[in-house]
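Peer 1: Any chance you could fold what I've pasted below:
(chains A and B)
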Amino acid sequence: MFELHQVSKHYGASVALERVTLRLEPGRTTALIGPSGCGKSTLLRMLIGLIRPDAGSDPGSDLRPDPTAAPDAPVPGEIRFDGTPLTPARIPALRRRMGYVIQSGGLFPHLDARANICLMARHLGWDAERIAARIEALAALTHFPRDGLARYPAELSGGQNQRVSLMRALMLDPEVLLLDEPLGALDPMVRYDLQEELKQVFATLGKTVVLVTHDLAEAAFLADCIVLMRAGRVVQSGRLEAMMRAPAEPFVEQFIRAQRSHLSDLEVPA
Amino acid sequence: MTEPATLDQPTGALGHRARGRARVAPGSGRWWAAAWRLLLVLLAALLAAGCGQPDDQVRIGSKRFTEGILLGEVLTGLVAADGLPVRHRRALGGTRIVYNALAAGEIDAYVEYTGTLTNEIFAGLAASADDDLDGALRARLAADGIRLAGMLGFENNFALGMPAARAEALGIRRISDLRAHPDLRLRFGSEFTERSDGWPGLRAFYGLPQRDVRGVEHELAYAAVAAGAADLVSLFTTDAEIAYHDLLALEDDRGYFPRYAAVLLYRDDLAARNPAAVAALEHALGLIDADAMIAMNAAVKLDGRGEAEVAGELLRERLGIVKAVAADGLARRLLRYTGEHALLVGVSLAAAVLVAVPLGIVAAHRPRLGQGVLAVVGVAQTIPALALLVFMIPFFGIGAGPALVALFLYSLLPIVRNTHAGLTGIPAPLIESAEALGLPARARLWRIELPLALPTLLAGVKIAAVINVGAATLGALVGAGGYGQPILAGIRRDDIGLILEGAIPSALFALAVQWLFEQGERAVVPRGLRGSRR
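Peer 2: Numbering: from 1, shown residues only, chains lettered A, B, ... in the order given. Below you'll find the predicted structure:
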């Protein structure tokens, strides 16, 4: 669904992404994980066009087209969505095929839950029956109480806000769902419940999902494939079991060890 | 009814609003556009109401001092006595403003002084005209389309005065006599001290030896002489204070001071347009002698009576005109002031919103340009109100025009600034969320950014409105009316009651405006924004 070919992003002298080449398969859930500042959020925001990768023409760029490559081969620094390169002109239209959820929900405080959810549909001129039917389906999918639809974000709990945010992202039935730490701001109990729900939603919809998280357990629970990043590079990708069995470098082992809960070390007296 | 395209509709309303919604959706901001149009219509209507007046109405002007206003009331009363529609645009401003208003056709007639015409308005005319100063003056006025009808019967000259008892004791009757008394303390109005045809010219002309000469406010000079802190003051010969303080006006025995005979000026075209009005006005010629003028000044300045009332009395005594000028009751006056004030504030504020909100939007979206915009409107704010009003007169005449423009400029800054602050203060995740949804820039502005900035934006409009209510009182300086009118009249007559008649309603008006805006905010700002972002 997404193909990244040697994509870099520099802010002045600091590196956010360094020649990342990655394929995200359609219909699968991928988790981007890594320590803070590893570039996982930058990568996700690049997929929906909020950040542009460095272009080959940028000063200081070392991206060079390969003269020997086939005509339709990806150019270095290029991102493709469903086979078409992600260019500024195409991004607005392509965004309607993607849903995006951020940590704090990103809900508009001046609109109630329903208006937040159907904002884009209404802008596109959907009629009321279609909107109502779609919202009903989404509320059922996310177990969202119907009376909450008339509430404003400030009047809903954190978990409910994330449900609304998810419904908003799914309103136009996009092919791709991008989630940036969707559960990061929630307390552990709510978080646990929502993880279960998200997994069900992903399974029901069968969409391509890209999820950013810093919680390895969450990543392993929700995703088919984990992409572990560090300092703007992809260190290793695949299933968690494979990483544990054959870490690509010592960092992988360290990261996994650091994430392992001390709870499992406790001996519970009988 | 216009379908509001706000998105915070109640749950149950989806069904019956459906069709309108589907139509409205692509043209986001339909509601705003409608509001915009409504404002424009309102603006046009208000402007028309402010400027509109019957064509056949005779407009009398007056300068901003007691005698000028009294004479304006006399002229007004004369025209009204013949049953003609007339309006007194009282206390328009200083000489320059009122003369220009006459030349521009904003007023039809007023009373001026010959010395002011030859020495101030047409400075140099006296020197260039050989013998026939009167002829030269009439010719010069004719060039401006103005006719000099004749004299009213009194002069209001510069003079030097001293307490009568002291003058007698010193044996002083004429200005020449002052040469024998070099130790006198002289206290003059500031202008008299500085003008070349004032003290410096007088001293040279008569060879006066006095050294203790100070310039003070004209009214304070009287206070000083009354308190025995001055021996000699400059005065205008029709000042009521001369008699009150028992001053002797020294004889200008060598004829230094020019003569300031009160003359009636009216526009040439008035004679053709409204000959009856000219005939009525000409009843003023020879009507008022110096004693009558002094008595009228005294009635206003010393007894605290209204100009219209005093002028009406003169007309009754001299011409048998009964109830020439009807004085409005307090309620009617207040109603008129309130109407004028509301017009000034409403029109200038509406225009400012129409201009400042787009400016604020541009400033928020183009940071570099925005710095420039904010700097320019900031500078406009630093121009003193009085100076701004005077700058505007050549372009917008007198009356509501210059006041509206000045108030408009003053309203810009708070609205531009708050629009800018409201938009730039929106948290980045919200902006990005709107972008990530795929909303185009226009729709983001109308549906997300402006509604989120609304509380801040409205606060800016509210600040501008409240400032405007206060600043609009200065409009009375250029004849715009409003609550400033009784305040200025009260200052002129030293009448606290009259000042309060303007000041209290003005303060109440400001409070009412603030209250209205708070109610409006409650109605317009969605529940989700209240409390959380303020």
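Peer 1: close enough to count as contact, residue B:444 and residue B:435?
Peer 2: Yes. Under the criterion of CB atoms under 8 Å, residue B:444 makes contact with residue B:435 at 7.0 Å. Glycine gets a C-beta too; all of them are placed from N, C-alpha and C.
Peer 1: who has more neighbours, the two?
Peer 2: Neighbour totals were compared for residue B:444 and residue B:435, and residue B:435 leads with 20 against 17 (other CB atoms under 10 Å in any protein chain shown).
Peer 1: In contact with the residue nearest to that one when sequence neighbours are not counted, which residues are there?
Peer 2: Spatial nearest neighbour of residue B:435, chain neighbours left out: residue A:50 (6.4 Å); criterion: CB to CB, 6 or more residues apart in numbering or on different chains. Neighbouring residues of residue A:50 by CB atoms under 8 Å, 6 or more residues apart in numbering or on different chains: B:432, B:435, B:436.
Peer 1: got the contact list for residue A:160?
Peer 2: Listed by CB under 8 Å, 6+ apart, the contact partners of residue A:160 are A:113, A:144, A:145, A:148.
Peer 1: now the strands: where do they sit in chain B?
Peer 2: B:58-63, B:86-93, B:109-113, B:146-155, B:158-163, B:186-189, B:213-216, B:232-236, B:247-249, B:261-267 (DSSP state E).
Peer 1: which bits of chain A sit near chain B?
Peer 2: Contact residues (CB under 8 Å from any CB of the partner chain) of chain A with chain B: A:45, A:48, A:50, A:92-93, A:95-96, A:98, A:100, A:102, A:104, A:106-112, A:114-115, A:119-120, A:122-129, A:131-132, A:149-150, A:152-155, A:168.
Peer 1: could you flag which of those residues are buried?
Peer 2: A:45, A:48, A:50, A:95-96, A:98, A:100, A:102, A:104, A:106-112, A:114-115, A:119-120, A:122-124, A:126, A:128, A:131-132, A:149-150, A:152-153, A:168 (16 or more other CB atoms under 10 Å in any protein chain shown).
Peer 1: Please narrow those to those residing in helices.
Peer 2: A:45, A:95, A:114, A:115, A:119, A:120, A:122, A:123, A:128, A:131, A:132, A:168 (DSSP state H).
Peer 1: List the contacts of the closest residue to chain B within the stretch 151-270 of chain A.
Peer 2: Closest contact between the stretch 151-270 of chain A and chain B, by CB to the nearest CB, is at residue A:152 (3.0 Å). By CB under 8 Å, 6+ apart, residue A:152 lies in contact with A:109, A:110, A:111, A:112, A:113, B:8, B:526, B:527, B:528.
Peer 1: what's the domain layout of chain B?
Peer 2: B:25-49+B:330-529, B:58-154+B:259-319, B:158-249 (automatic domain parsing).
Peer 1: Can you lay out the ones in helices among the buried ones among the residues of chain A next to chain B as TSV showing distance to residue B:422 and pLDDT?
Peer 2: Output for those, formatted as TSV (distance: CB to CB, whole Å; pLDDT from 0 to 100):
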residue	distance to residue B:422	pLDDT
A:45	25	90
A:95	26	89
A:114	25	93
A:115	20	93
A:119	20	92
A:120	23	91
A:122	24	91
A:123	22	91
A:128	31	92
A:131	29	94
A:132	33	93
A:168	24	93
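Peer 1: circling back to that earlier point, show me which pair in the contacts of residue A:160 is furthest apart.
Peer 2: A:113 and A:145 (10.0 Å; CB to CB).
Peer 1: Of those two, give the one with the bigger neighbour count.
Peer 2: Neighbours were counted for residue A:113 and for residue A:145 using other CB under 10 Å; residue A:113 has more, 29 against 12.
Peer 1: And for the residue of the stretch 151-270 of chain A closest to chain B, nearest residue in space, chain neighbours not counted?
Peer 2: residue B:528 (3.0 Å).
Peer 1: my guess is the one you found contacts residue A:150, does it?
Peer 2: No. Between residue B:528 and residue A:150 there is no contact under CB under 8 Å: 11.0 Å.
Peer 1: tell me, what's touching these two both at once?
Peer 2: Residues touching both residue B:528 and residue A:150 by CB under 8 Å, 6+ apart: residue A:112.
Peer 1: Where does the prediction get shaky in the stretch 1-150 of chain A?
Peer 2: A:56-74 (pLDDT under 70).
Peer 1: 90 instead, please
Peer 2: Low-confidence segments of the stretch 1-150 of chain A (pLDDT under 90): A:1-27, A:34-42, A:46, A:48-96, A:102-106, A:141-143.
Peer 1: Same question for the stretch 101-250 of chain B.
Peer 2: Residues of the stretch 101-250 of chain B that meet the criterion pLDDT under 90 lie in B:104-106, B:114-140, B:156-159, B:164-167, B:169-171, B:182-184, B:187-205, B:210-231, B:233-249.
Peer 1: so who does residue B:266 touch?
Peer 2: B:108, B:109, B:146, B:147, B:149, B:278, B:281.
Peer 1: how does it look with 10 Å?
Peer 2: For residue B:266, the contacting residues are B:58, B:60, B:75, B:102, B:107-110, B:146-149, B:274, B:277-278, B:281-282, by CB atoms under 10 Å, 6 or more residues apart in numbering or on different chains.
Peer 1: Name the nearest residue to it, sequence neighbours excluded.
Peer 2: residue B:109 (3.8 Å).
Peer 1: tell me, how many neighbours does that neighbour end up with?
Peer 2: By other CB under 10 Å, neighbour count at residue B:109 equals 26.
Peer 1: Tell me the bridge partners for it.
Peer 2: residue B:60, residue B:266 (DSSP bridges).
Peer 1: Report whether the expected contact of it with residue B:75 is present.
Peer 2: Yes. Contact status for residue B:109 versus residue B:75: in contact at 6.1 Å, counting by CB atoms under 10 Å.
Peer 1: and the residue of the stretch 101-250 of chain B at minimum distance from chain A, what are its phi and psi?
Peer 2: The stretch 101-250 of chain B approaches chain A most closely through residue B:106 (48.5 Å), counting by CB to the nearest CB. Torsion angles at residue B:106 (phi, psi; degrees, to the nearest 10) stand at phi -80, psi -20.
Peer 1: Would you agree it is in contact with residue B:89?
Peer 2: Yes. Residue B:106 lies in contact with residue B:89 (CB under 10 Å); the separation is 7.8 Å.
Peer 1: Quickly list what's touching both of those two.
Peer 2: Common contacts of residue B:106 and residue B:89 (CB under 10 Å, 6+ apart): B:59, B:61, B:98, B:398, B:399, B:479.
Peer 1: Can I get these in TSV including distance to chain A and neighbour count?
Peer 2: Output for those, formatted as TSV (distance: CB to the nearest CB, whole Å; neighbours: other CB atoms under 10 Å in any protein chain shown):
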residue	distance to chain A	neighbour count
B:59	51	22
B:61	53	29
B:98	53	27
B:398	46	25
B:399	42	21
B:479	45	28
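Peer 1: Lowest-confidence member of those residues, which is it?
Peer 2: On pLDDT alone, residue B:398 ranks lowest of the shared contacts of residue B:106 and residue B:89, at 70.
Peer 1: Could you find the closest non-adjacent residue to residue A:184?
Peer 2: Using CB to CB, 6+ apart, the nearest residue to residue A:184 is residue A:103, at 4.4 Å.
Peer 1: The closest residue in space to residue B:488 that isn't next to it in sequence: what's it in contact with?
Peer 2: Once flanking residues are discounted, residue B:488 sits nearest to residue B:476: 5.0 Å by CB to CB, 6+ apart. Going by CB under 10 Å, 6+ apart, residue B:476 touches B:64, B:90-93, B:337, B:340-341, B:344, B:403, B:482-489, B:502.
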